[in-house]
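Colleague: Fold the following, please.
(chains A and B)
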Amino acid sequence: MNGDNPLLRVRDLKVGYEVPGDLIVPVEGVSFDLNPHEVVGLIGDAGSGKSTTALALMGLARPPGKILGGSVEFGGRDLLTLPDAEIREIRGRDIGIIVQNPRAALNPMLRVGRQIGFAYRAHNEATEAAARAHAIDMLRLVGINDPERRVEAYAHELSGGMAQRALIAMALSSTPKLLIADEPTSGLDVTIQAQFLDEMWQTVQKTGSAMLLVTQELGVIANFCDRVLVLHKGRIVEDAPVRQFFAEPQHPYSQEVLRFYHERASGYPEQVTGGAGFLRTDALTKHFPLRGSDKVVQAVDKVTISVAKGEAVGLVGESGSGKTTVGRCLMRLEHPTAGAVILDGQDITALNAAEMRKMRSRMQIVFQDPFDSVNPRWTVADILDEPLRVHEGGDKAARRERAVAALKQVDLDPSLMIAKPRDLGASTLQRINIARALICNPDFVVLDEPTSVLAPRARNSLIALLARLQKELGISYLFISHDLTTVRYLCQRVAVMYLGQIVEEGSVEQVFTAPQHPYSRALLSAHLMPDPTNRRVDNPVPAALEGEIPSPIDVPKGCYLASRCPHVTDACRANPQVLTDLGQGRAVRCERVVAGEITLQEAAHD
Amino acid sequence: MPDQVQDLLLDETTYVPPVRKADWLMRIGVSIVTLVIFLALFGPYIGPYDPTRTTIRIAVPPPGLTEIPGLLAGWIGGTLEYPPHWMGTDANGYDIFSRVIAAPRTDLKIALLANILSLITGVFFGLVAGYWRNWGTELLIRVSDVLQSFPVFIMAMVLVALAGRSATNIIIALAFVYTPIYLRLTRAEVLGQTSRGFVEAARAMGNSELSIALRHVLPNSLTPALIQSSVTIGFAILLTAGLSFVGAGVRPPTPEWGLMISTGANQIVLGEWWPSVFPGLAISLTVFGFAVLGNALERRYERG
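Modeller: Residues are numbered from 1 along each chain as shown, chains lettered A, B, ... in the order given. Purely as a prediction, here's the structure:
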């Protein structure tokens, strides 16, 4: 796919750094071309050298790293041999860059408009007033409402999504010929991510720039890129058009990454029959009092949820929806303000401390951050021994044997018993967390975003492991996640949360193929399916929800979504909505959907 | 866009091992501390004279630099009448060198025991106050604040004046002074550790609160207090000497640096500088050694 006259020609790019007595080369010989007007995805695991490569394209290296060799030809000149003054001219004017953490990349002391103006004036002759006018135009171009006012804002006054857009505005202010975006959406919620990528894609099309999109997400690649570069161990191992890449990956690493998506296409998990209501909550509510005020943060609002024996229920929603607090209340790590949590017929909110401690052998939790959830001073053997010591006691040698068995159960080698957490990677450590949660044979496990910090390949294998363990052991899962792809693979049923309430629930198939609640629809349409045959950029952009999630301190009187919903009526604003059972395990919290007033558009997915 | 570039440099995707420079400050600290410990163990036996007995030679000045080689040769050859007084003698006829190297036994013992005592009590109360937060532990912190706000020296003087001049009382006085420091340090660390995921995980596993505090929180909160120990020992030595200087410390003729400075101070007007200066240098060097070691340790642990 190398054009005759590429915009950027990278040959044998090498970046490395010296440690005493050794030379480490994370990027060893990267070669590729980038054509004008092309959107190219650069994908690879954490540590594969993606960010280092992206930086080196501008002739930069993070100390103590050094660019050791190769060439980066841009517009016929090798950037790596240019004098400093000339390469500075090119950076920002001809090549723009967007980084991961938008808020940290904005200067907190300067108004956004001035920062964009600075970037513009660094490369263009312009008066301050002209630069300001240009900044307003750029902000409008990237889809910021009311740019005349936003241009006066400081970084802390912008939401994450808006800060990210301001950064694109800055990067594009001199209409560069090439835009490098290094994981621009990591840490953003799915709806904002989709909106943002839409806007970036459209802006790039309008200005006619080429874009290199560094990411770990196959969904982003499939929906926005024309071509894919796969970086593995410091080398480009595959360079293919996006459809060809998804259909016939050539390199073993690409095949491994895509395997999960190919397998998953086989259909939805079977529904569980019997054992209904093994774990259920009854109008679970959690309020956090605000210090120095009589107001409360309404984190969870009358959530009633039920998990059958051996069933996996997904709980999805954006950050701030209260899904994690539900999980913590189920484990009684937070004491609910009202409502009950019933496991196997017993209300655990009524247990005293000693009874609760005993109960904990039957219910477990796996947290989001694998590093933070183990004692850094302990060995794996100590970590796995702890639940056994607490709940079963008995012979030390027998306990050790069980710990070894638990390691094997999560496909880890018993030699890891003597390792300490700092020697292990995130995915290994998360497996150890899972082994620890399962070692006392619990009936019910809360999985609180267990895969969100993992690279896609590790994520796939962890989800496959969780699915296998559930089948073998017949455990019930509550799987809390914002990653709809993993929910679709692992769970039988799903509940969608918005601002502390469940707005829709049903089987995964029902909700994913025909979401009914306006919020679920928005969430699902923002979800980037890793399927290049139905690209988001080839279709009209679906209507996104307006504005941002309201504060859980002053919740709206009527429907919580009223301020953002495209179907809103005066009645919605006035009436609190109730979760209405539609039969077949399906429930929706929207009176207009229940009354059949909102026509069901055909689902965008599958 | 220099700001953006700066942030890119912070964003970590590949692991770069920290480059550990040879830490010469650490080496100096370790050498001095090792010497002091050695003297605390053997100092009283290796000096040329008994540190608690007077000689008949009073107020002898230390030998001049040019005399040293001759004295050394004579000493080794056994041709001298008596062993040389390397640092001279004081107004009572004590050999200053023998006393300077015998003193760490007293000074270090007091400082070490005071430090251990305040470390244990401070860490204990710090753990309690950080892990169980209620009005009782809040009160505990306020009391410790009040203790900390007294001038250290005056407080130790008052305590010794009330309880009497003995090594035990000095140790207790010093412990009172240093406990609030350890309490603060440990509590701050405990507050941070308590919100960590592994503490939640331990709770979800069914551990009792006491067991979480002792098994998980305490071991992970000790580092700052242990690093502080080195600095505290140095300053406790200084304070011990200070108390002796004002007459609130150990009794003569116990070899102790502060006491030696104090007795020598009367002679300075007569031009006899040596009885005070040598123990003074010994204190400075020791406090410096412990402080430098503490700083070096702190930097090493902060770097991780």
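
Colleague: how many neighbours does residue A:583 have?
Modeller: 6 (other CB atoms under 10 Å in any protein chain shown). The way it works is simple: take the backbone N, C-alpha and C, and place the C-beta from them, glycine included.

Colleague: Quick check, pLDDT for it.
Modeller: Per-residue confidence at residue A:583 stands at 80 (pLDDT).

Colleague: What distance do you get for it to residue A:396?
Modeller: Residue A:583 sits 54 Å away from residue A:396, going by CB to CB, to the nearest Å.

Colleague: Over to residue B:170?
Modeller: For residue B:170, the distance to residue A:396 - CB to CB - is 46 Å.

Colleague: Counting neighbours, go ahead and name the busier of the two.
Modeller: A side-by-side neighbour count of residue B:170 and residue A:396, using other CB under 10 Å, places residue B:170 first with 28 against 11.

Colleague: Could you look up the SS state of residue A:287?
Modeller: strand (DSSP: H, G, I helix; E, B strand; the rest coil).

Colleague: So for chain B, the centremost residue is which one?
Modeller: Centroid-nearest residue in chain B, with CA atoms, centre = their mean: residue B:233, separated by 1.6 Å.

Colleague: is chain A contacted by the strand or helix carrying that one?
Modeller: Using DSSP states H and E, residue B:233 maps to helix B:223-245. No - against chain A, helix B:223-245 shows no contacts by CB under 8 Å from any CB of the partner chain, the least distance being 10.5 Å.

Colleague: secondary structure element for residue A:212?
Modeller: Going by DSSP H and E, residue A:212 is in strand A:210-215.

Colleague: Is that strand in proximity to chain B?
Modeller: No - counting by CB under 8 Å from any CB, chain B is not contacted by strand A:210-215; separation bottoms out at 9.9 Å.

Colleague: can you list the domain ranges for chain A.
Modeller: As assigned by automatic domain parsing, chain A contains the domains A:8-264, A:279-362+A:442-594, A:366-441.

Colleague: what's the burial count for residue A:355?
Modeller: 12.

Colleague: Please, where are all the strands along the stretch 501-606 of chain A?
Modeller: A:501-507, A:580-583, A:586-588 (DSSP state E, counting those that start in this stretch).

Colleague: on that earlier part again, what is the strand holding residue A:212 packed up against?
Modeller: Helices and strands touching strand A:210-215, by 3 or more CB pairs under 8 Å, 6 or more residues apart in numbering or on different chains; DSSP states H and E, are strand A:39-43, helix A:50-56, strand A:178-182, helix A:190-207, helix A:218-224.

Colleague: Where among the ones you listed is average confidence lowest?
Modeller: For the helices and strands packed on strand A:210-215, mean pLDDT drops lowest on helix A:190-207, to a mean of 81.

Colleague: how far is stretch B:141-155 from where the chain is centred?
Modeller: Put simply, stretch B:141-155 sits 19 Å off its chain's centre (CA atoms, centre = their mean, to the nearest Å).

Colleague: Other residues contacting it?
Modeller: Where contact means CB atoms under 8 Å, 6 or more residues apart in numbering or on different chains, the residues beyond stretch B:141-155 that reach it are B:125, B:129, B:173, B:176-177, B:179-181, B:183-184, B:187, B:239, B:242-243.

Colleague: re earlier: is it possible to get the helices and strands packed on strand A:210-215 out as TSV so that each row also shows distance to chain B and mean neighbour count?
Modeller: Shown next, in TSV, are these (distance: least, CB to the nearest CB, whole Å; neighbours: other CB atoms under 10 Å in any protein chain shown):
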stretch	distance to chain B	mean neighbour count
strand A:39-43	12	25
helix A:50-56	4	25
strand A:178-182	8	24
helix A:190-207	16	20
helix A:218-224	17	25
